[in-house]
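S.K.: Give me a 3D structure for the following:
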Amino acid sequence: MGHHHSHNHSHTHSDLKRRNLFISILLNILITVAQVIGGLLSGSLALLSDALHNFSDVISLIISYVANNLSKKKASFQKTFGYKRAEILAAFINAATLIVVAILLIIEAVKRFQNPQDIESNLVIWLSAVAILGNGFSVLLLKKDSETNMNMKSAYLHLLTDMMASVAVLIGGLLMKYYQLYWVDSLLTFIIALYLIWMGFDLLKNSTKVLMLFTPDTVPIKKIVNEINAFERIKNVHHVHVWQLNEDEIHLEAHIDFNEDITLSEFDDILHDIEDLVFNKYDINHVNIQPEFGKDDVKDVIVQD
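M.R.: All right, here's what the predicted structure looks like:
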């Protein structure tokens, strides 16, 4: 078994990531409470639906926060991989809820378009502005980590779309106050919901691929097999599995048939060369090779276990 461990995130960075998530949770709880009270006082369906969206953000952020903490737990005899998949699972759940929230927003937008109502626009304007500032700050906190981590991306997308929804509510409030154009709020909500579905589906697809142990798109199995087959003493590479465990680990497992009955130390040298090849070219950092000589088994590259 070979390993090329890549520690992309230091403990300090992990602590910062957790702190940023925690701050975002507190901000969104405050925004949700303010919008519920404001929505009830003003009679604004837009504010109440935005509060619902914000509440879904609180849930998604808590899921992301718990998953981030779980992923740091050590492996054990009962859990040999630890909780390394926790963040991928959180990304999957959050992506699914993104799509559900988007569908609810579309339904709400259609209803509101059909039945526009007079509301207290001043309260709507001020509370949506507060939500924009709060969510905007949270978006800035999570932006950097969202580029390298599916879990953080799911939380970031929830917050980004909620900030956009608040912008729609603000624009709607201003147009209602000065021009009585109540339908604009519904139109903007509908557009934001479509964007939410588009982004959510992409994240759902990517997290599903990881959970289903699909080969990462960046790993060309046929090319890797040909490159390993080119090693002088290797006769055949077969029974190959490549999967992504989490954001930081890609695993390669294979059987290798040798031309001769080599020693264990000779195998170690070849294994080291294989590890260097797949790590440097394809970012595969966990390699598990089963050496064989003259074994009568199926020599296909991909074998159904």
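
S.K.: Which residue ranges of the stretch 101-250 of the chain form helices?
M.R.: Applying DSSP state H, counting those that start in this stretch to the stretch 101-250 of the chain gives helices spanning 121-146, 150-179, 183-211, 221-229.

S.K.: Please identify the most buried of the ones you listed.
M.R.: Each of the helices of the stretch 101-250 of the chain was scored by mean neighbour count; the highest is helix 150-179, a mean of 23, by mean count of other C-beta atoms under 10 Å. Bear in mind the C-beta positions are built from the backbone N, C-alpha and C, glycine included.

S.K.: packing partners for that helix?
M.R.: helix 11-42, helix 45-70, helix 86-114, helix 121-146, helix 183-211 (3 or more C-beta pairs under 8 Å, 6 or more residues apart in numbering; DSSP states H and E).

S.K.: could you redo the last one with a cut-off of 6 Å?
M.R.: helix 45-70, helix 86-114, helix 121-146, helix 183-211 (3 or more C-beta pairs under 6 Å, 6 or more residues apart in numbering; DSSP states H and E).

S.K.: Can you give me the domain boundaries for this structure?
M.R.: Here the domain parsing of the chain from automatic domain parsing is 2-211, 221-292.

S.K.: Residue 299: which of these is closest?
M.R.: domain 221-292 (4.7 Å; C-beta to C-beta).

S.K.: which stretches of this structure have low pLDDT?
M.R.: Along the chain, the parts satisfying pLDDT under 70 run over 1-11, 45-46, 117-119.

S.K.: pull the longest strand from it.
M.R.: Longest strand of the chain, by residue count under DSSP state E: strand 234-244.

S.K.: Including distance to residue 270, could the helices and strands packed on helix 150-179 go into CSV?
M.R.: Converted to CSV, the helices and strands packed on helix 150-179 look like this (distance: least, C-beta to C-beta, whole Å):
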stretch, distance to residue 270
helix 45-70, 37
helix 86-114, 32
helix 121-146, 38
helix 183-211, 30
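
S.K.: closest one to residue 17 among the ones you listed?
M.R.: helix 121-146 (5.4 Å).

S.K.: Excluding residues flanking it in the chain, which one is nearest the spatially most central residue of the chain?
M.R.: By C-alpha atoms, centre = their mean, the chain has its centre lying nearest to residue 150, at 2.3 Å. Distances taken as C-beta to C-beta, 6 or more residues apart in numbering place residue 91 nearest to residue 150, at 3.8 Å, with adjacent residues excluded.
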